[in-house]
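Q: show me how the following folds:
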Amino acid sequence: GITGNDKYKNLLKVTEERWNGQIKYTDNSNNEYESGVQIITGKDDKIVFKRTLKLVPQELAVGIGCKKGKSAHEIERAVKKTFDKARLLLEAIAVVASVDRKADEAGKCKVPYKTYTPEYLRDVEGDFVSSAFVEEQIGVGNVCERSAGAASSGGEKLVGKTADNGVTVAIYRVAQKNKE
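A: This next block holds a predicted model:
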């Protein structure tokens, strides 16, 4: 069987149709299927099969700001804490973003890492928590939210600016591109 939350229900039903019944969409509430494929989007998603192949869509843009000299370990710890608190999966990260001055502080990024100039970030639209200190040092009052917003192509803000020991993190859902 195959299953997923409401966001993916239509996609899975189309898949069922294309496979002429060889794959069946189910919530598996009656335990009809021992094995299955499940699209997982959050830590609270209930696993419905005894043996499950989990598919995690990479749909999150993470913006990072930090004080000069922060280690990759400190940055990664702040990102993990933010994801844990929001009940989001690290596996869902599609892109990490920051200001161009932080290009060397990406840590051990296993996803694309984008950087933007302060001038570009100033033009990103949205509601952001600004800092006069960051504005003075970097040239833009908020790095994490603006860079996540830019990398998400105008997506939805899920977690606003979250500070942890000199590292700020924001998380956006990447905007879905129109498929014609």
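
Q: remind me what whatever helix or strand E74 lives in packs against, helices and strands.
A: Per DSSP states H and E, E74 falls inside helix 72-86. Helix 72-86 is packed against strand 60-66, strand 156-164, strand 167-173, with contacts defined by 3 or more Cβ pairs under 8 Å, 6 or more residues apart in numbering; DSSP states H and E. Every C-beta, even on glycine, is put in place using the N, C-alpha and C of the backbone.

Q: avg pLDDT for that helix?
A: Mean per-residue pLDDT for helix 72-86: 93.

Q: now do the buried residues in it.
A: By neighbour count on 16 or more other Cβ atoms under 10 Å, the buried set for helix 72-86 is 74-76, 78-79, 82-83, 86.

Q: about what we covered before: now render the helices and strands packed on helix 72-86 as TSV, adding distance to Q38.
A: Shown next, in TSV, are the helices and strands packed on helix 72-86 (distance: least, Cβ to Cβ, whole Å):
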stretch	distance to Q38
strand 60-66	19
strand 156-164	21
strand 167-173	20
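
Q: before we move on, the earlier item: which one of the buried residues of helix 72-86 is nearest D164?
A: A78 (4.0 Å; Cβ to Cβ).

Q: what segments of the chain are helices?
A: Counting by DSSP state H, the chain has helices at residues 6-18, 72-86, 118-122, 132-138, 144-151.

Q: does L53 really touch G36, like I thought?
A: Yes - applying Cβ atoms under 8 Å as the test, L53 and G36 come out as touching, 7.4 Å apart.

Q: more neighbours, those two?
A: G36 (20 against 10; other Cβ atoms under 10 Å).
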